[in-house]
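J.: Just a sequence and a predicted model for now, questions to come.
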Amino acid sequence: MNTPIYKRVLLKLSGNAVSSEGENIGSKALSHLCEEIVSAYQTGIQIGLVVGGGNILRGNQWSKASGVDRATADYMGMLATVINALALQSALEKYGIETRVLSAIEMRPVAEPYIRRRALRHLEKGRIVIFAAGTGNPFLTTDTAAALRASEIDADILMKATRVDGVYSADPEKDSTAKKYDHLTYQQVLSQDLKVMDAAAISICREKHIPILVFSFLEKNCIVNAVCGNSIGTIVKGD
């Protein structure tokens, strides 16, 4: 199937998706991601992006390691997501695609402030919108930010691209007996404490009936396959 089954998607990328070869932001990783995103964009869908900042700094981990208070460390992590968003914007625009970065923390010289109606207008005009700085609040993850933005822009699905090709019963890199799931309900994810997204993100998607697709960004044509409904990754929906 090569026809998209969704009109508007929210794609969540980890910060590690843009890192490669020992670099926090790697040119090869950016090129691979942009090729995949552009291929999906060319099917005619509208794309919103949320990118994490873990390749640069994770607030929770940094707070524990450095003694910096958690709120400050989380704000530092939010700024890391802005750096990644600007890198993605620059890389995507080399393909001739209009892209806008909207930040939950106001920094007008480098990004537009996040305003829901403005985001919707950009999407309607065919621009890729990158949502930066998480929710703008400490103690919340970029997964929660992705679920929130997916809800606000009325996305048909939230797609989480990771290094693993779906959701497993345990970490497949550590446990060879880990079982991969093709389908899960929101309740199964919560009750089994499966590491799909944090509980707040799952709850938002559950309330708004937004399905979550978890798949690997390392596979060729991964995003196109995802938006076209081909068999890929793990889908989370329903009760």
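T.: Everything's here; your move. This one's a predicted model, so the numbers in the text were calculated from it and none came from an experiment.
J.: Per-residue pLDDT of residue 27, please?
T.: If you check residue 27, the pLDDT there is 90.
J.: nearest spatial neighbour of it, skipping sequence neighbours?
T.: residue 20 (7.7 Å; Cβ to Cβ, 6 or more residues apart in numbering). C-beta: built from backbone N, CA, C; applies to glycine.
J.: got the residue ranges for the helices in this structure?
T.: 27-41, 59-66, 70-93, 116-124, 142-152, 186-191, 199-208, 222-227 (DSSP state H).
J.: lowest-confidence stretch among the ones you listed?
T.: helix 59-66 (a mean of 91).
J.: helices or strands next to it in the packing?
T.: If contacts are counted by 3 or more Cβ pairs under 8 Å, 6 or more residues apart in numbering; DSSP states H and E, helix 59-66 sits against helix 70-93.
J.: chain center to the helix it packs on, what's the gap?
T.: Centre-to-centre, helix 70-93 and its host chain are 13 Å apart (Cα atoms, centre = their mean, to the nearest Å).
J.: cool, stretch 89-101 as well?
T.: 17 Å.
J.: wait, what's in contact with the nearest residue to residue 39 once chain neighbours are set aside?
T.: Using Cβ to Cβ, 6+ apart and skipping the chain neighbours, the partner closest in space to residue 39 is residue 224 (4.9 Å). Contacts for residue 224 (Cβ atoms under 8 Å, 6 or more residues apart in numbering) come out as 2, 36, 39, 40, 43.
J.: if you set the cut-off to 7 Å instead, what comes out?
T.: 39, 40, 43 (Cβ atoms under 7 Å, 6 or more residues apart in numbering).
J.: who wins for neighbours among the residues you listed?
T.: residue 40 (25 neighbours; other Cβ atoms under 10 Å).
J.: Count the residues that sit near the closest residue to that residue other than its chain neighbours.
T.: Among residues not flanking residue 40 along the chain, residue 223 sits closest, at 4.1 Å (Cβ to Cβ, 6+ apart). Per other Cβ under 10 Å, the neighbour tally for residue 223 reads 26.
J.: quick one, what contacts residue 223?
T.: 11, 36, 37, 39, 40.
J.: gap between it and residue 75?
T.: With distances taken as Cβ to Cβ, to the nearest Å, residue 223 is found 30 Å from residue 75.
J.: cool, and residue 234?
T.: Counting by Cβ to Cβ, the gap from residue 234 to residue 75 is 32 Å.
J.: between the helices of the chain, which gets nearest to residue 16?
T.: For residue 16, the closest of those is helix 27-41, at 8.6 Å, according to Cβ to Cβ.
J.: Please identify the buried residues of the closest one?
T.: Judged by neighbour count (16 or more other Cβ atoms under 10 Å), helix 27-41 contains these buried residues: 29, 30, 32, 33, 34, 36, 37, 38, 39, 40, 41.
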